[in-house]
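Participant: Would you be able to build a 3D model of this:
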Amino acid sequence: MKVHFHGTAAFEGIPSLFCHCETCKQAKVLGGKNIRTRTSVLIDEVLKIDFPADTLHHSIRDSVDMDKVRDLLFTHSHSDHLYPEDLLIRALGYAQFNEEEELHLYGHDLPIKHCSQLLATERHRFQFHNLKPFETVQTQTATITPLLANHDSKETCLLYYIEKDGKKIFYGHDSGWFPEQTWTWLKGKKLDLAILECTTGNAPHCEVHMNVEDTLKTREWLVENHVMQAEGRIVVTHFSHNAHLLHEDLVHIFEPNGITVAFDGMQLDI
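Facilitator: Numbers count the residues shown, from 1 in each chain. Sure thing, here's the model as predicted:
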């Protein structure tokens with residue numbers, strides 16, 4: 001299974017628009033892995049998680065054929081994870097492709113509501129699926145189970161357990177410390193890959209995102225509860241410039257703890 005990290009930043013990106021903090025200044029100078037766009041992941045070129053406004057940039061930079069994507073999963077409706085206006089580019093008169101191929105969209109109430117309203121006249125090119133937490137669904141490309149995140153009290157935000165070709169992935173952001181129902185559900189599972197977040201860096205504990213301490217505690221829980229396969233990998237992503245950590249700083253923190261720091265364009269084979 002190929003896991004392609006299209007973007008690895010939080011809402012603001014790195015360097016961030018309008019920002020003159022030292023982190024953004026250094027990122028501009030250093031470039032490379034310090035340049036981060038809004039977070040999204042593509043699995044085997046057919047299953048995409050989240051759809052930020054940077055998707056066009058990702059597709060050009062990484063030579064991605066978006067028309068190969070069959071299933072699109074949404075974690076929540078925040079604009080750095082869902083920019084539905086760009087789905088209109090798939091509408092008749094904008095895109096030329098096999099009209100019989102439908103793109104299936106999966107999420108909880110709010111993301112699906114936004115998409116279905118916007119794409120109401122293009123329903124023959126899209127299928128909408130309203131997910132319920134902890135209810136397993138077979139998509140066109142994988143078996144998915146949406147889990148509860150702890151992120152925004154105004155909507156139901158989701159994490160994902162994904163099974164594909166004998167491999168199992170936990171997609172664990174955006175979220176602070178997971179709700180108890182999610183921890184309980186994960187017990188007894190076996191993961192080949194866990195994708196976690198560290199939005200706030202070394203800042204004090206935050207209810208809706210994880211800091212370094214939370215991320216390390218999550219890794220510890222996964223290992224102690226034998227959820228990670230012996231050869232399994234843990235990757236951290238979704239970084240804010242306000243954490244004031246460049247790529248090398250993140251590597252210094254996480255790699256000694258067995259956690260890989262994602263960067264834009266990174267690909268893993270699991």
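
Participant: For the rest of this, base every contact and every neighbour count on C-alpha atoms.
Facilitator: OK.

Participant: can you tell me the average pLDDT over stretch 52-68?
Facilitator: Mean pLDDT, computed over stretch 52-68, is 96.

Participant: Kindly state the neighbouring-residue count (a burial measure) for Ile162.
Facilitator: Neighbour count of Ile162, defined by other C-alpha atoms under 10 Å: 20.

Participant: meant to ask about Cys21
Facilitator: For Cys21, the tally of surrounding residues (other C-alpha under 10 Å) stands at 13.

Participant: Walking through the protein, point out its helices one by one.
Facilitator: For the chain, helices defined by DSSP state H occupy the ranges 22-30, 55-61, 109-118, 180-186, 212-224, 247-254.

Participant: Export those helices as CSV, with columns for mean neighbour count and distance to Cys206.
Facilitator: Output for the helices of the chain, formatted as CSV (neighbours: other C-alpha atoms under 10 Å; distance: least, C-alpha to C-alpha, whole Å):
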stretch, mean neighbour count, distance to Cys206
helix 22-30, 16, 21
helix 55-61, 15, 28
helix 109-118, 18, 24
helix 180-186, 14, 17
helix 212-224, 17, 9
helix 247-254, 15, 18
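
Participant: Indicate which one of these is closest to Glu135.
Facilitator: Among the helices of the chain, helix 180-186 comes nearest to Glu135, with 11.2 Å by C-alpha to C-alpha.

Participant: Return the alpha-carbon coordinates of the closest one using CSV.
Facilitator: In CSV, the C-alpha atoms belonging to helix 180-186 read as follows (Å, rounded to 0.1, in the frame of the first residue of the first chain):
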residue,chain,number,x,y,z
GLU,A,180,-13.0,7.2,25.6
GLN,A,181,-15.2,5.4,23.1
THR,A,182,-12.4,5.7,20.5
TRP,A,183,-9.7,4.4,22.9
THR,A,184,-12.0,1.5,23.8
TRP,A,185,-12.7,0.7,20.1
LEU,A,186,-9.0,0.6,19.3
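
Participant: for the helices of the chain, which one sits closest to Ala9?
Facilitator: helix 247-254 (11.3 Å).

Participant: residues in contact with the closest one?
Facilitator: Residues outside helix 247-254 that contact it (C-alpha atoms under 8 Å, 6 or more residues apart in numbering) are 33-34, 260-261, 263.

Participant: Can you pull out the low-pLDDT segments for this protein?
Facilitator: Residue ranges of the chain with pLDDT under 70: 98-99.

Participant: Now render the helices of the chain as TSV, adding distance to Asp269.
Facilitator: Shown next, in TSV, are the helices of the chain (distance: least, C-alpha to C-alpha, whole Å):
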stretch	distance to Asp269
helix 22-30	27
helix 55-61	19
helix 109-118	30
helix 180-186	23
helix 212-224	20
helix 247-254	20
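
Participant: which one of these lies closest to Leu148?
Facilitator: Short answer: helix 180-186, nearest of these by C-alpha to C-alpha, at 6.0 Å.

Participant: Can you get me a residue count around Glu163?
Facilitator: So Glu163, with other C-alpha under 10 Å, has 18 neighbours.

Participant: that older thread, figure out which of the helices of the chain is closest to Ala95.
Facilitator: helix 55-61 (13.4 Å).

Participant: Please export the C-alpha coordinates of the closest one as PDB.
Facilitator: The C-alpha trace of helix 55-61 is given here as PDB (Å, rounded to 0.1, in the frame of the first residue of the first chain):
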ATOM      1  CA  THR A  55      -5.500  20.100  -3.700                       C
ATOM      2  CA  LEU A  56      -4.900  21.700  -7.100                       C
ATOM      3  CA  HIS A  57      -1.400  22.600  -6.000                       C
ATOM      4  CA  HIS A  58      -0.800  19.000  -4.700                       C
ATOM      5  CA  SER A  59      -2.000  17.500  -7.900                       C
ATOM      6  CA  ILE A  60       0.400  19.600 -10.000                       C
ATOM      7  CA  ARG A  61       3.400  19.400  -7.700                       C
END
